[in-house]
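In: Let's see this in three dimensions:
(chains A and B)
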Amino acid sequence: NAGVTQTPKFQVLKTGQSMTLQCAQDMNHEYMSWYRQDPGMGLRLIHYSVGAGITDQGEVPNGYNVSRSTTEDFPLRLLSAAPSQTSVYFCASNLQANSPLHFGNGTRLTVT
Amino acid sequence: AQSVTQLGSHVSVSEGALVLLRCNYSSSVPPYLFWYVQYPNQGLQLLLKYTSAATLVKGINGFEAEFKKSETSFHLTKPSAHMSDAAEYFCAVSDLSTSQGNLIFGKGTKLSVKP
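Out: Numbers count the residues shown, from 1 in each chain, chains lettered A, B, ... in the order given. Below is the predicted model:
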């Protein structure tokens, strides 16, 4: 059972570079979401999707783009990396609204 | 809007002692509430969830939480701490202002267990 798979595990970027964080789930969940975790801040929602072709903004969407072309995949794109985007990023999926989230193991991103 | 407050960013207990991690929520309607645990360098795992079926909710690893509407609390307890319980714990509430019910997380409480 793979669950939610995130790649890469670690990434270092220079300011201004772009990259895509990958997220895939094999549980046929309709709902997927991206969070960032910063010390003392808990987890904050970046973007989410309630199904293929449908995405929406969360609490902290600026500087990030998402798309959902398939049920399985939900990549997160950083358009022009900034040091403020240094964080640990978690992808999660759930079956339906209000059901528990299943998390990936995270991507630790450093922007210099 | 819903919100979650976790009292105490760090809690330290001795092995075998009671664990009590505090969570208070703000919601205008009956909420869905969750506790998650995060071990170092891992993602979050569900410990337990409250969905209005019963006020005392039992979770994995001997943890339980009691929903108290009058106190707007959902504190997490475990009668006897193990070394393996050392982790960070997050309380979360569903954002019922949207039909998606996205989770709003507290800032987390790091639990240390002393031998």
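In: Contacts only, for the residue in chain B positioned nearest to chain A.
Out: Nearest residue of chain B to chain A: B:G43, at 3.4 Å (Cβ to the nearest Cβ). C-beta coordinates here come from the backbone N, C-alpha and C atoms, glycine included. By Cβ atoms under 8 Å, 6 or more residues apart in numbering or on different chains, the contact list for B:G43 reads A:4, A:90, A:92, A:103-106.
In: Flag every residue of chain B that's near chain A.
Out: Taking Cβ under 8 Å from any Cβ of the partner chain as the criterion, chain B approaches chain A at residues B:9, B:32, B:34, B:36, B:41-46, B:49, B:51, B:90, B:94, B:99-108.
In: Just the buried residues of those residues.
Out: The neighbour-count test (16 or more other Cβ atoms under 10 Å in any protein chain shown) applied to the residues of chain B next to chain A identifies B:32, B:34, B:36, B:43-46, B:49, B:51, B:90, B:94, B:100-108 as buried.
In: in the sheet, who's paired with the residue nearest to A:Q85 when sequence neighbours are not counted?
Out: Computed as Cβ to Cβ, 6 or more residues apart in numbering or on different chains, the closest residue to A:Q85 that is not its neighbour in sequence is A:V111, at 5.3 Å. Counting by DSSP bridges, A:V111 is bridged to A:L13.
In: Number of residues surrounding A:V111?
Out: Other residues lying near A:V111 total 19 when counted by other Cβ atoms under 10 Å in any protein chain shown.
In: Report pLDDT for it.
Out: Here, the pLDDT recorded for A:V111 equals 97.
In: Please, where are all the strands along chain A?
Out: Taking DSSP state E as the criterion, chain A contains strands spanning A:4-7, A:10-13, A:19-25, A:31-38, A:42-51, A:54-57, A:64-66, A:76-78, A:87-94, A:102-103, A:107-111.
In: Which secondary structure elements does the longest one sit against?
Out: Judged by 3 or more Cβ pairs under 8 Å, 6 or more residues apart in numbering or on different chains; DSSP states H and E, strand A:42-51 is in contact with strand A:31-38, strand A:54-57, strand A:64-66, strand B:103-105.
In: out of the ones you listed, nearest to A:L13?
Out: With Cβ to Cβ as the measure, strand A:64-66 is the member of those nearest A:L13 (13.4 Å).
In: Fine by me, thanks again.
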